[in-house]
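Participant: Just a sequence and a predicted model for now, questions to come.
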Amino acid sequence: MKRVFSHIGFSVAVTLFALCFIKIDYIYSITAGLTVILIVSLAISKYRQAIAVPLCLSSAVFACLLFLFVFYLKAAPALSLDGKEADFTFYITALPQFDGDRYIYTVKTSKIILDGAPETLKLKLYSKSIINVEPYTLINAHGKFRAISDNAFSSYGYWSDGIFLNSNIKSYESIGKTVFSPLKYVLTIRNDIIETFMKTIKGDEGALSAALVTGDRFYISEALNDAFRYSGASHILAVSGLHLSVVTGGIYFLLKHSVFNRKVYCSIAILITLMYMALTDFSSSVVRAGIMMIAVFFADFFKRKADSLNSLGLALFIICLNPFSVSDAGTILSVLSVLALVVYYPYLDGKFFNKIGDYLSVKNDSVSDYFRISAYGVYKSFLASLSILTFNLPALYLLFGYTSLISLVSNVVILPLGSVVTVVSFLTYLLCRINVLGRFAIFVCTELNRLMINYVSSISKVRRLTVSFSPYFAVILASLLIVLAISLIIWKGRMNKTVIAFSYSVLIISLAFNMISQYNNADMLITENGACAIACSNKTLVYGVENKSDYYSVRSFINTHSGKIDVLVDANNDYSKLLTDDFSVGKISSGGFSSEICDGFSVNVSDCFNAVIYGKTITVNEDNTSSDITVFDGRAYDKNGVIYLNDGDVIYSINKDYFSVRR
C-alpha cells in the first residue's frame, strides 16, 4: 500500500477536527461506534484486503482515544481551576508581548498552593508592568485563574499550545532560583537576534527582520500590522514553513555543493532544522514544515526519494499527537496550503493552464528572455496563490468569516520578496555577530525591508477586495468544492477542464455578488443572554456583557471583525472588564452614552440601549414595537418574526437597503 502515513495522518486529523466541535460526553459513543465499524471491516474479506479502510478506521479510533486521554490528563485539571484564586510559583518561558496597556507572558508554574490543583501548568499571564526577572527564574505571585475558552476552537490556538488558563497579577517576588532547561539558551539567542535588529536597523524595518527570523512581532507598529492584514500578507510575519524552507533549504543547498559528503551535510541540515524549530518556539506550522524537511533530508541520507504527500501525512500525525493542534489556525492553513501545492497546483500547471506555462517556459524569438522569465515567475506565483486560496477558502470562512482577494495579487510579489528578505535578514544577523561586512548587510537589509513595507502599505489601501462571507456563499462554496473534488477523482481530460472552468466562473460571480451585498454592511451579534456587539466600518461597540457565555461569544465576534473595541458600554462587571484585558479599548462608558460611532451608526444609552445603523433602529432591554429590531425578554423581534435567543446567538447583517439574520 502506497502512502501509508498520508492515510494515517489525514484520518487522525479529520477525526480530531470533528471531535473539537462535539461535547466530550458524546465522544465515548462515537469511539464505540467507530470501533464496531472497524471490527466489521476486518471481518469482511474485501475491506480487510484493501487495507486502506481498516487503516483509516483504526486511525480514527486512535484519534478518539487520544482526544479523551489528553483532555482528561491536561485540559480538565486546568479548567477545574477556573474562577479560583491561589498563590503560585512560576517562571517565564517566552519573550513578552505588549497589547495596549498590558504585557502578556507565557509562563509555566512549578507550584500552585491550592488543594487538588496540578503543580505544573502553562499560563497566559497579564501584567500592567513589565516583569523585570530573567526567563526561567522562579517567581512567587498571587492571582485568579480563568479559563481561556470552553473549547479548543474558541481559544484561538492557546489550547494547541497547552495553555488553558490565564491570570492577572498585580505584584510578584523573585525567589532567585533558576530552572534548568536547554530552551533557556535558545530563548537567549532569540532575544539576541531581536535586540541586534532593533539596535542596528531600528524602526519598522528592524522589527520586520526580527519577525521574519524569529516570528516575534513585539516591535511591529499597529499601522504596519494592519497593512499586512489588509493586503492579505499577514502570514509572512508569522514564522512558518516558508521561512524554515528558505533558511534550511538554502543552507542545505550550500552544504550539498560543498566538500562535505552526503551523510555529513544531511546530518548538519537535520540539526539546523531542529535548532530553527526551537528558535521559533516550535510553532505548529514550523513543526509541520520541519518534519517534512527532515523527511527529505533522511531520504537523501539513505539515497531514497521522499514522497511529499506521505511526508505531509507523517508531519500531520506527529502534530496531532497534541489533539488540540487541529484547532490552531496556523496548522489548518499551513497544512491546506501544502496540500494545495502538492495535489492541486501540479494539475493546474500541468494540465489546466499548461499552454500558458509551455509558451513562457520555451525560448521565443518574439519575446525577450527577460520579459519571458519574469512573466513565467509571475505566472507560477499566481497559480500557487490561486491553488492555496482555493483550498483555504473553507477554513477562512470557518475561522475568520472573511478573506482578502487582493492576496492573489500581493502574494505574487510578497512571497518571493519575503523569501529574499528572510534570507538577507538571517545573513545580516550572522555578519553583524562576526563583525564581517556588517554595515553593508545592514544597508541592504534596510532597503529591502523598506521596499517590502512600502509595497504592503500601497496594496493595503485597496480594502474593497476584503470579502466577508455570507451564509449563502458558504453553501455555494461547499457545493463547488464537492463538485471539484469529484471531477478530479472521476473525470479526465477536457471534461475535467470544463468542470474546473465552470466552478471558478461560479465562484468569481458568487464572490462579486457577495462583495456587493456585503459592501458597507454592519454586523450585530446578539448573545443568548441579550448582550450586543456591533461592528460597522471597522468600528466596534460592545454592550451588556454580564456572564461567561456572553464574554466568549463577544470575544469571538471581535476577533473575526476589527480585533479591537472602540466603545465598551456598561463595564462595571467582571466579564466586561475581562474584555479590556483581551482587547485595545478606545472608550469606556459606565453610565449614559450618546454618540455617532461612524457614518450611519449612532448610539444612545440611558436605561436601555438604542442604536441606529443605516436608518435601522435597534432597541435592547425595552419592548419597543416601533424599532426595526428589538431585543427584550430573551427574544429578538424584527419584521420577519421572533427569534428565541436561548437557542443560541444570532448575527444580524444590516445595510441601507435590508437586514438579514443568521445563527
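Facilitator: Done, it's in.

Participant: all contacts plus neighbour counts: C-alpha atoms, from now on.
Facilitator: OK.

Participant: Show the contacting residues for G563.
Facilitator: F583 (C-alpha atoms under 8 Å, 6 or more residues apart in numbering).

Participant: same thing but at 10 Å, please
Facilitator: For G563, the contact set (C-alpha atoms under 10 Å, 6 or more residues apart in numbering) comprises N538, K539, T540, R555, S556, F557, D582, F583, S584.

Participant: F260 too?
Facilitator: F260 neighbours (C-alpha under 10 Å, 6+ apart): C266, I268.

Participant: Would you state the secondary structure element containing it?
Facilitator: Counting by DSSP states H and E, there is no helix or strand that carries F260.

Participant: cool, and M524?
Facilitator: Secondary structure (DSSP H and E) places M524 in strand 522-526.

Participant: which helices and strands does the helix or strand following that strand pack with?
Facilitator: Sequence order places strand 532-536 as the next helix or strand after strand 522-526, per DSSP H and E. Secondary-structure packing of strand 532-536 (3 or more C-alpha pairs under 10 Å, 6 or more residues apart in numbering; DSSP states H and E): strand 522-526, strand 539-543, helix 548-559, strand 565-569, strand 601-605, strand 609-613, strand 650-654.

Participant: Which one of those lies nearest to S41?
Facilitator: S41 lies closest, by C-alpha to C-alpha, to one member of the helices and strands packed on strand 532-536: helix 548-559, at 41.1 Å.

Participant: now the angle between strand 565-569 and that closest one, please.
Facilitator: Helix 548-559 and strand 565-569 are oriented at 150 degrees to each other (axes from the mean of the first three to the mean of the last three C-alpha atoms, to 10 degrees).

Participant: export helix 548-559 as CSV, just CAs?
Facilitator: C-alpha atoms of helix 548-559 as CSV (Å, rounded to 0.1, in the frame of the first residue of the first chain):
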residue,chain,number,x,y,z
LYS,A,548,-19.1,33.9,30.7
SER,A,549,-21.2,32.8,27.8
ASP,A,550,-21.6,36.5,26.7
TYR,A,551,-17.9,37.0,27.1
TYR,A,552,-16.8,34.1,24.9
SER,A,553,-19.3,35.0,22.2
VAL,A,554,-18.4,38.6,22.1
ARG,A,555,-14.7,37.9,22.1
SER,A,556,-15.0,35.6,19.2
PHE,A,557,-17.1,38.2,17.3
ILE,A,558,-14.5,40.9,17.9
ASN,A,559,-11.6,38.7,16.8
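
Participant: That helix versus strand 650-654: what angle between them?
Facilitator: Here helix 548-559 runs at an angle of 40 degrees relative to strand 650-654 (the same axes, to 10 degrees).

Participant: what's the angle between helix 548-559 and strand 532-536?
Facilitator: On the basis of the same axes, to 10 degrees, helix 548-559 is oriented at 0 degrees to strand 532-536.

Participant: and Y158, that one's in a helix?
Facilitator: No: counting by DSSP: H, G, I helix; E, B strand; the rest coil, Y158 is not part of a helix but coil.

Participant: Wait, it touches D150, no?
Facilitator: No: counting by C-alpha atoms under 10 Å, Y158 stays clear of D150, with 11.5 Å between them.

Participant: Need the overlap of contacts for the two.
Facilitator: Residues touching both Y158 and D150 (C-alpha under 10 Å, 6+ apart) are F164.

Participant: so what's the spatially closest residue to L34 that is not a sequence neighbour up against?
Facilitator: In space, and not counting its chain neighbours, L34 is closest to V61: 6.2 Å by C-alpha to C-alpha, 6 or more residues apart in numbering. Taking C-alpha under 10 Å, 6+ apart, we find V61 in contact with 11-12, 15, 30-38, 67.

Participant: pLDDT below threshold where in the stretch 101-250 of the chain?
Facilitator: The stretch 101-250 of the chain contains residues with pLDDT under 70 at 101, 230, 232, 235, 238-243, 246.

Participant: which residues in it form helices?
Facilitator: 183-200, 203-214, 222-230, 241-256 (DSSP state H, counting those that start in this stretch).

Participant: buried ones in the shortest one?
Facilitator: What that stands for is helix 222-230. For helix 222-230, the neighbour count (16 or more other C-alpha atoms under 10 Å) marks L224, A227, F228, R229, Y230 as buried.

Participant: Can I get those in TSV including distance to H257?
Facilitator: Output for those, formatted as TSV (distance: C-alpha to C-alpha, whole Å):
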residue	distance to H257
L224	39
A227	39
F228	36
R229	39
Y230	41
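
Participant: To V338, which of the helices of the stretch 101-250 of the chain lies closest?
Facilitator: Ranking the helices of the stretch 101-250 of the chain by proximity to V338 (C-alpha to C-alpha) places helix 241-256 first, at 9.1 Å.

Participant: gap between the closest one and the chain center?
Facilitator: Centroid separation for helix 241-256 versus its chain: 24 Å, with C-alpha atoms, centre = their mean, to the nearest Å.

Participant: Can you identify the element that follows it toward the C-terminus?
Facilitator: Next helix or strand after helix 241-256 toward the C-terminus (DSSP H and E): helix 262-279.

Participant: what angle sits between the strand holding M524 and strand 539-543?
Facilitator: Using the same axes, to 10 degrees, the inter-axis angle of strand 522-526 relative to strand 539-543 is 20 degrees.

Participant: helices or strands next to strand 522-526 in the packing?
Facilitator: Judged by 3+ C-alpha pairs under 10 Å, 6+ apart, the packing partners of strand 522-526 are strand 532-536, strand 539-543, helix 548-559, strand 609-613, strand 650-654, strand 659-662.
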